[in-house]
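[1] Quick one: sequence plus predicted model below, questions after.
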Amino acid sequence: MELNTYKYNYHLIGTKPSHTMIGNKIYQIEVHDYKLLSKHDFLILAVDNLVSKSIVNYCLTNNLDITIKNNSFQFRMGESVPLIIPEINSHDLDTAKFKNQKTKLISNSNCVSRIVYMGLHPLLNLGKIKSLVISTY
């Protein structure tokens, strides 16, 4: 699949100029520049917490009309930031409160909780779970 099959404007951004192969096509990776952010509809952040915080704060401060999917834990517990597992609660993105925000920030759960929620969700429809003990190492 090629990125240009989508109608959205995109850039692949990193810390240094490079390239990557997606499918059988080579795409350029550009150096991060805040000025590029205003040209896009969507931003997927798969960066550390400090970089994530800096980019999100820039978008909020400048009131950019952009939807940000943040994979770091920087905003995971934010009261106004929906924590989305698409198979379970993607409908939370359909609320008027979320849709009316200019800069829309979406967070995701960590890998362990995502697996647990995916398994528990159908079980919760069968009855009440009284207790759950989970250990990770």
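    Everything's here; your move.

[2] what sits against Asn110?
    Phe73, Arg76 (CB atoms under 8 Å, 6 or more residues apart in numbering). Yep, even glycine has a C-beta here, placed from its N, CA and C like the rest.

[3] Pop out the phi and psi values for Ile88.
    When read as degrees, to the nearest 10, the backbone of Ile88 gives phi -110, psi -50.

[4] Skipping adjacent residues, who's closest to it in space?
    Of all residues beyond its chain neighbours, the one nearest Ile88 is His121 (5.1 Å), with distances taken as CB to CB, 6 or more residues apart in numbering.

[5] quick one: low-confidence ranges for this structure?
    Scanning the chain with the threshold set as pLDDT under 70 gives 1-11.

[6] quick one: the strands in it?
    12-14, 18-22, 25-31, 42-45, 66-70, 103-107 (DSSP state E).

[7] Compare those strands and give me the one nearest Ile85.
    Among the strands of the chain, the nearest to Ile85 by CB to CB is strand 103-107 (10.6 Å).

[8] by how many degrees do the closest one and strand 66-70 diverge?
    20 degrees (axes from the mean of the first three to the mean of the last three CA atoms, to 10 degrees).

[9] what does strand 103-107 rub up against?
    So strand 103-107 is contacted by 56, 59-60, 63-70, 75-76, 78, 81-84, 93, 98 (CB under 8 Å, 6+ apart).

[10] and the residue nearest the centre of the chain, how far is that from Lys99?
    Against the mean C-alpha coordinate of the chain, by CA atoms, centre = their mean, the closest residue is Lys69 at 1.9 Å. In this view, Lys69 and Lys99 are 16 Å apart by CB to CB, to the nearest Å.

[11] what residues are up against Val47?
    Contacts of Val47 (CB under 8 Å, 6+ apart): Ile55, Asn71, Ser72.
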